[in-house]
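In: could you look at this predicted model? Sequence included:
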Amino acid sequence: MTSLVQPARVFVDPFEGTRAAVEGRRWLWPLLILAFCVTASGIAYALRWDATAAVVGALPTEVGAPSVSESDIADQIQTASRKALVGGIAKGLMLMPLEVLLLACVLWVTAWLFSKPASFGQLMAAAAVAMLPIALYHLIFAVCAGFQHSLTDLRAERLVPSSLALLDGLTPKLQRVLRGVDFFNLWSVGLLGVGFSAATGMRLGRSLLLALVLYMMYAGIVFIRIPTLGGP
């Protein structure tokens with residue numbers, strides 16, 4: 001029962017709750033909660049997503065391009081919806097546990113570099129607990145999506161406004177940069193710093209700064225560098 005209550009304690013008392021979870025190596029329940037919330041979010045999105053705009057927008061528009069019948073378009077819309085459903089489930093059940101494991105490996109390497117040894121179980125708990133704000137975001141998204149009649153890609157992005165990228169009048173480049181200034185992500189960074197401090201004994205301020213640097217590196221790759229490779 002204590003293990004089940006532990007994730008809720010992180011939201012009420014993030015410092016002591018995170019430390020207790022890390023010292024007790026309690027990573028299973030936070031990981032299960034994360035997988036459940038992300039899966040629910042993916043399912044809710046897929047069930048409410050209107051794939052028409054995405055499918056029609058991808059149709060060839062060049063002169064002389066072969067025409068596409070309405071039945072083919074309907075089949076493509078149905079296929080896209082099914083792919084979104086499968087992708088949402090796979091993201092929750094497979095991708096998120098892998099991300100937590102990868103984050104724990106990054107923390108282990110970081111602890112080794114700074115000569116702050118810690119058990120992998122504690123670092124795994126720190127990574128899993130740090131993802132609880134992300135789980136909360138997906139839970140809120142799933143509830144909000146469930147009340148929508150339909151969702152477009154743009155509507156889904158703005159359904160739970162949490163980053164500065166949603167401000168009006170921003171250039172595409174500035175939007176990519178400000179996507180990293182996200183409430184839930186920064187909350188997660190704070191918990192990661194607390195968890196890493198509890199696992200390694202590093203000073204809290206230094207640990208928080210280290211977590212922020214790691215996040216900035218991640219945001220620079222995911223929010224800025226990768227989208228830039230696809231075009232301006």
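Out: Structure's in. What do you need? Numbers count the residues shown, from 1 in each chain.
In: so I134 makes contact with I33?
Out: No. At 10.3 Å, I134 does not count as touching I33 under the criterion of CB atoms under 8 Å. C-beta coordinates here come from the backbone N, C-alpha and C atoms, glycine included.
In: buried ones in the helix or strand hosting F141?
Out: Here F141, judged by DSSP states H and E, is contained in helix 132-146. Judged by neighbour count (16 or more other CB atoms under 10 Å), helix 132-146 contains these buried residues: 132-142, 144-145.
In: now distance to R9 and pLDDT too, for the residues you listed, in CSV please.
Out: Listed next are those as CSV, based on distance: CB to CB, whole Å; pLDDT from 0 to 100:
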residue, distance to R9, pLDDT
L132, 10, 96
P133, 14, 96
I134, 18, 96
A135, 15, 96
L136, 14, 96
Y137, 19, 97
H138, 20, 97
L139, 17, 97
I140, 20, 97
F141, 23, 97
A142, 23, 96
C144, 26, 95
A145, 28, 94
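In: for the most centrally placed residue in the chain, give me its contacts.
Out: Note on the chain: the residue nearest the mean C-alpha position is I134, at 5.5 Å, using CA atoms, centre = their mean. I134 sits next to L34, V38, F184, N185, S188 when contact means CB atoms under 8 Å, 6 or more residues apart in numbering.
In: just among the residues you listed, which is most surrounded?
Out: V38 (27 neighbours; other CB atoms under 10 Å).
In: which helix or strand contains it?
Out: helix 28-48.
In: now swap in L212 and tell me
Out: helix 204-219.
In: my guess is L214 contacts L113. True?
Out: No. Contact criterion CB under 8 Å: L214 and L113 do not qualify, at 11.7 Å.
In: in the protein, where is pLDDT below threshold?
Out: 1-4, 57-68, 224-232 (pLDDT under 70).
In: what ranges do the helices span in it?
Out: Ranges of helices in the chain, per DSSP state H, are 2-12, 14-23, 28-48, 52-57, 70-90, 96-113, 120-130, 132-146, 153-157, 172-178, 183-200, 204-219, 226-229.
In: okay, the first one in PDB with CA atoms only?
Out: What follows is helix 2-12, C-alpha atoms only, in PDB (Å, rounded to 0.1, in the frame of the first residue of the first chain):
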ATOM      1  CA  THR A   2       2.900   2.300   0.800                       C
ATOM      2  CA  SER A   3       4.300   1.800  -2.700                       C
ATOM      3  CA  LEU A   4       1.000   2.800  -4.300                       C
ATOM      4  CA  VAL A   5       0.700   6.000  -2.100                       C
ATOM      5  CA  GLN A   6       4.300   7.000  -2.800                       C
ATOM      6  CA  PRO A   7       3.700   8.500  -6.200                       C
ATOM      7  CA  ALA A   8       0.900  10.700  -4.800                       C
ATOM      8  CA  ARG A   9       3.200  11.900  -2.100                       C
ATOM      9  CA  VAL A  10       5.600  13.200  -4.700                       C
ATOM     10  CA  PHE A  11       2.900  15.800  -5.800                       C
ATOM     11  CA  VAL A  12       2.100  16.800  -2.200                       C
END
